[in-house]
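J.: below are the sequence and a predicted model; questions follow.
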Amino acid sequence: MRLTSARNAALVGLALACGSEGGGPIAPVGPEGPVPIEGRIGELTFQALLLQPTWDRLVGRMTLTNPTGAPIALRFPDTCVVLLRLYDLFDQQLVVDAHSKRCLPLPVDVTLAPGELRTFESNVTFFFILGNVLPEGRYHATLYLRPEGVDEVEIAVGRPRLVRPPDEEQT
């Protein structure tokens, strides 16, 4: 991330204080579906949302907005700007870090002009998540960003329930 020291400090501060009890807030659900988690990452504002458009897919969506009067530049280590993690609800142990095989090891530079917003997604199928090992159930989901030069930022976005369809169940 190519930001000033003050911006780096603010970003690190958000990473440490983003949620309560080490896991952040759980995404509320309104009458129209999931409600985005909103907050700040340094001088940027964000909206983070976890969607489950079909039984076999989780989509994490993060929108970054530059509310300042100056451009803000970020650099990410690969083509996967936002990624998904799943944790066990009971002991909070990481069970899936869905860093896709589709992530190319090419740095991505993002510059947000004043007032500009940009949306990034992580799109993962349950087959990738569940594989042959992970049991069905409800998990604690987070989205995370890995900007260069500072600690990664992880934001709690919900508790999806992962279920194998009958035709994929193990015998």
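T.: Sure, I can see it.
J.: all contacts plus neighbour counts: C-alpha atoms, from now on.
T.: Will do.
J.: where does the prediction get shaky in this protein?
T.: For the chain, the stretches with pLDDT under 70 are 1-33, 99-101, 129-130, 132-133, 165-171.
J.: the strands in the protein, which residues?
T.: 29-30, 33-34, 37-41, 44-51, 57-65, 72-76, 82-88, 94-98, 108-112, 117-125, 137-145, 153-158, 161-162 (DSSP state E).
J.: which of the ones you listed is buried the deepest?
T.: By mean neighbour count, with neighbours taken as mean count of other Cα atoms under 10 Å, strand 153-158 ranks first of those at a mean of 25.
J.: identify the residues contacting the residue lying closest to residue 62 once chain neighbours are set aside.
T.: In space, and not counting its chain neighbours, residue 62 is closest to residue 48: 4.5 Å by Cα to Cα, 6 or more residues apart in numbering. The contact partners of residue 48, taken as Cα atoms under 8 Å, 6 or more residues apart in numbering, are 36, 37, 38, 60, 61, 62, 63, 143, 155, 157.
J.: at 7 Å what do you get?
T.: Shown in contact with residue 48 (Cα atoms under 7 Å, 6 or more residues apart in numbering): 36, 37, 38, 61, 62, 63, 157.
J.: identify the residue nearest the geometric centre of the protein.
T.: residue 143 (1.5 Å; Cα atoms, centre = their mean).
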